[in-house]
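J.: Curious how this folds, go ahead:
(one chain, ligands or ions: 1)
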Amino acid sequence: MNDIVSPQTRSRMMSGIRGKNTSPELLVRRLLHRIGFRFRLHMKDLPGRPDIVLPKHRAAIFVNGCFWHRHPGCRYATTPTSNKEFWEAKFAANTSRDAANYEALARGGWRVAIVWECATRTSEERNIEEELSNWITCGDTTLEIPKVVDGQLPAFSNLPSPTTDEPS
Ligand code: ZN
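T.: Numbers count the residues shown, from 1 in each chain. The predicted model follows:
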(Lines give C-alpha, C1' and ligand atoms only; values in the text may rest on other atoms or scores of the structure.)
Protein backbone atom coordinates (compact mmCIF):
# COMPACT_ATOMS: atom_id res chain seq x y z
CA MET A 1 0.00 0.00 0.00
CA ASN A 2 1.36 3.39 -0.95
CA ASP A 3 2.25 6.01 1.55
CA ILE A 4 -0.02 8.88 0.61
CA VAL A 5 -0.45 10.79 3.83
CA SER A 6 2.12 12.68 5.85
CA PRO A 7 3.37 11.25 9.14
CA GLN A 8 1.59 14.08 10.94
CA THR A 9 -1.68 13.23 9.28
CA ARG A 10 -1.23 9.55 9.93
CA SER A 11 -0.37 10.24 13.51
CA ARG A 12 -3.64 12.12 13.88
CA MET A 13 -5.50 9.36 12.08
CA MET A 14 -3.96 6.65 14.17
CA SER A 15 -4.31 8.38 17.49
CA GLY A 16 -7.99 8.98 16.89
CA ILE A 17 -9.74 12.07 18.03
CA ARG A 18 -9.26 12.59 21.73
CA GLY A 19 -12.33 12.96 23.82
CA LYS A 20 -14.58 10.87 21.61
CA ASN A 21 -15.72 7.35 22.18
CA THR A 22 -14.12 6.28 18.94
CA SER A 23 -10.62 6.37 20.37
CA PRO A 24 -9.12 2.88 20.73
CA GLU A 25 -8.30 3.30 24.38
CA LEU A 26 -11.81 4.42 25.23
CA LEU A 27 -13.20 1.47 23.32
CA VAL A 28 -11.15 -0.95 25.39
CA ARG A 29 -12.10 0.82 28.62
CA ARG A 30 -15.75 0.75 27.66
CA LEU A 31 -15.83 -2.95 26.94
CA LEU A 32 -13.92 -3.87 30.10
CA HIS A 33 -16.32 -1.77 32.09
CA ARG A 34 -19.29 -3.40 30.41
CA ILE A 35 -18.15 -6.86 31.44
CA GLY A 36 -17.60 -5.74 34.97
CA PHE A 37 -13.85 -5.36 35.43
CA ARG A 38 -12.49 -2.70 37.76
CA PHE A 39 -9.41 -0.97 36.51
CA ARG A 40 -7.16 2.02 36.99
CA LEU A 41 -5.75 4.31 34.36
CA HIS A 42 -2.18 5.35 33.54
CA MET A 43 -0.58 4.27 36.78
CA LYS A 44 2.41 6.56 36.95
CA ASP A 45 4.38 4.37 39.30
CA LEU A 46 4.43 1.46 36.86
CA PRO A 47 6.97 1.14 34.03
CA GLY A 48 5.62 2.67 30.83
CA ARG A 49 2.48 4.00 32.53
CA PRO A 50 0.17 1.26 31.23
CA ASP A 51 -3.07 2.64 29.80
CA ILE A 52 -5.25 0.29 31.81
CA VAL A 53 -4.27 -1.58 34.96
CA LEU A 54 -6.22 -4.28 36.79
CA PRO A 55 -4.35 -4.55 40.09
CA LYS A 56 -6.43 -7.46 41.35
CA HIS A 57 -5.43 -9.54 38.33
CA ARG A 58 -1.87 -8.23 38.11
CA ALA A 59 -2.70 -7.23 34.55
CA ALA A 60 -1.41 -4.22 32.64
CA ILE A 61 -2.90 -3.34 29.26
CA PHE A 62 -1.36 -1.09 26.64
CA VAL A 63 -3.44 0.20 23.76
CA ASN A 64 -0.70 0.85 21.24
CA GLY A 65 -0.79 2.95 18.09
CA CYS A 66 0.57 0.83 15.24
CA PHE A 67 2.62 3.62 13.71
CA TRP A 68 4.51 4.86 16.77
CA HIS A 69 4.89 1.50 18.46
CA ARG A 70 5.72 -0.31 15.21
CA HIS A 71 3.19 -3.10 15.05
CA PRO A 72 5.15 -5.84 13.21
CA GLY A 73 3.78 -6.53 9.76
CA CYS A 74 0.95 -4.02 10.13
CA ARG A 75 0.07 -1.87 7.17
CA TYR A 76 -0.14 1.18 9.44
CA ALA A 77 3.47 0.77 10.59
CA THR A 78 4.89 2.52 7.57
CA THR A 79 8.15 4.45 7.49
CA PRO A 80 8.00 7.97 6.04
CA THR A 81 10.21 8.29 2.98
CA SER A 82 11.67 11.67 3.91
CA ASN A 83 14.04 11.94 6.87
CA LYS A 84 14.16 8.18 6.89
CA GLU A 85 17.11 8.01 9.28
CA PHE A 86 15.42 10.30 11.76
CA TRP A 87 12.30 8.16 11.76
CA GLU A 88 14.19 4.91 12.01
CA ALA A 89 16.12 6.19 15.02
CA LYS A 90 12.92 7.41 16.63
CA PHE A 91 11.13 4.12 16.00
CA ALA A 92 14.09 2.13 17.35
CA ALA A 93 14.03 4.23 20.52
CA ASN A 94 10.29 3.70 20.89
CA THR A 95 10.43 -0.06 20.45
CA SER A 96 13.38 -0.57 22.77
CA ARG A 97 11.70 1.58 25.42
CA ASP A 98 8.53 -0.48 25.04
CA ALA A 99 10.43 -3.75 25.36
CA ALA A 100 12.25 -2.48 28.47
CA ASN A 101 8.93 -1.45 30.02
CA TYR A 102 7.30 -4.81 29.35
CA GLU A 103 10.29 -6.58 30.82
CA ALA A 104 10.31 -4.38 33.92
CA LEU A 105 6.60 -5.04 34.41
CA ALA A 106 7.07 -8.78 34.03
CA ARG A 107 9.89 -8.74 36.55
CA GLY A 108 7.56 -6.96 38.94
CA GLY A 109 5.07 -9.78 38.58
CA TRP A 110 2.75 -8.04 36.13
CA ARG A 111 1.16 -9.68 33.13
CA VAL A 112 1.19 -7.55 30.00
CA ALA A 113 -1.35 -7.25 27.19
CA ILE A 114 -1.08 -5.17 24.05
CA VAL A 115 -4.14 -4.21 22.09
CA TRP A 116 -3.00 -2.81 18.76
CA GLU A 117 -4.96 0.11 17.45
CA CYS A 118 -5.72 -1.62 14.15
CA ALA A 119 -7.57 -4.36 16.04
CA THR A 120 -9.92 -1.82 17.56
CA ARG A 121 -10.71 -0.62 14.04
CA THR A 122 -11.16 -3.96 12.32
CA SER A 123 -12.10 -6.62 14.88
CA GLU A 124 -15.53 -7.18 16.32
CA GLU A 125 -15.73 -5.60 19.76
CA ARG A 126 -17.11 -8.87 21.00
CA ASN A 127 -13.95 -10.71 19.99
CA ILE A 128 -11.68 -8.22 21.70
CA GLU A 129 -13.87 -8.40 24.76
CA GLU A 130 -13.72 -12.18 24.86
CA GLU A 131 -9.97 -12.39 24.37
CA LEU A 132 -9.27 -9.78 27.02
CA SER A 133 -11.70 -11.24 29.47
CA ASN A 134 -10.24 -14.74 29.10
CA TRP A 135 -6.74 -13.43 29.47
CA ILE A 136 -7.51 -11.31 32.51
CA THR A 137 -9.19 -14.08 34.45
CA CYS A 138 -7.13 -17.12 33.60
CA GLY A 139 -4.59 -16.05 31.10
CA ASP A 140 -0.95 -16.27 30.29
CA THR A 141 1.75 -13.80 31.12
CA THR A 142 1.25 -11.97 27.83
CA LEU A 143 -1.46 -11.31 25.28
CA GLU A 144 -1.39 -9.58 21.94
CA ILE A 145 -4.48 -8.55 19.97
CA PRO A 146 -4.56 -9.25 17.12
CA LYS A 147 -2.68 -12.44 17.85
CA VAL A 148 0.48 -13.07 15.89
CA VAL A 149 0.02 -16.00 13.59
CA ASP A 150 3.54 -17.26 14.03
CA GLY A 151 5.58 -16.95 17.20
CA GLN A 152 5.27 -13.97 19.48
CA LEU A 153 5.87 -10.26 19.55
CA PRO A 154 9.63 -9.61 19.51
CA ALA A 155 9.25 -7.25 22.46
CA PHE A 156 7.83 -10.14 24.48
CA SER A 157 10.56 -12.61 23.64
CA ASN A 158 12.91 -11.45 26.41
CA LEU A 159 10.39 -11.47 29.18
CA PRO A 160 11.33 -13.53 32.23
CA SER A 161 9.25 -16.64 32.54
CA PRO A 162 7.29 -16.80 35.78
CA THR A 163 8.21 -20.45 36.24
CA THR A 164 11.93 -19.71 36.44
CA ASP A 165 11.65 -17.08 39.17
CA GLU A 166 13.99 -17.59 42.06
CA PRO A 167 12.34 -17.59 45.44
CA SER A 168 13.20 -14.34 47.16
ZN1 ZN B 1 -1.58 -2.72 13.58
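J.: For R97, which residues are in contact?
T.: When contacts are counted by C-beta atoms under 8 Å, 6 or more residues apart in numbering, R97 touches G48. Any C-beta I mention is one placed from the backbone N, CA and C, and that applies to glycine too.
J.: per-residue confidence for it?
T.: Per-residue confidence (pLDDT) for R97: 96.
J.: Surely it forms part of a helix?
T.: Yes - secondary structure assignment places R97 in a helix (DSSP: H, G, I helix; E, B strand; the rest coil).
J.: ok, it to F91 distance?
T.: 11 Å (C-beta to C-beta, to the nearest Å).
J.: Likewise for L26?
T.: Relative to F91, L26 is positioned 26 Å away (C-beta to C-beta).
J.: and what of A59?
T.: 27 Å.
J.: Of the two, give the one with the bigger neighbour count.
T.: For A59 versus F91, the count of surrounding residues by other C-beta atoms under 10 Å is larger for A59: 24 against 16.
J.: how about low-confidence regions in the protein?
T.: Across the chain, the ranges flagged by pLDDT under 70 are 1-22, 149, 162-168.
J.: Skipping adjacent residues, who's closest to E131 in space?
T.: I145 (5.6 Å; C-beta to C-beta, 6 or more residues apart in numbering).
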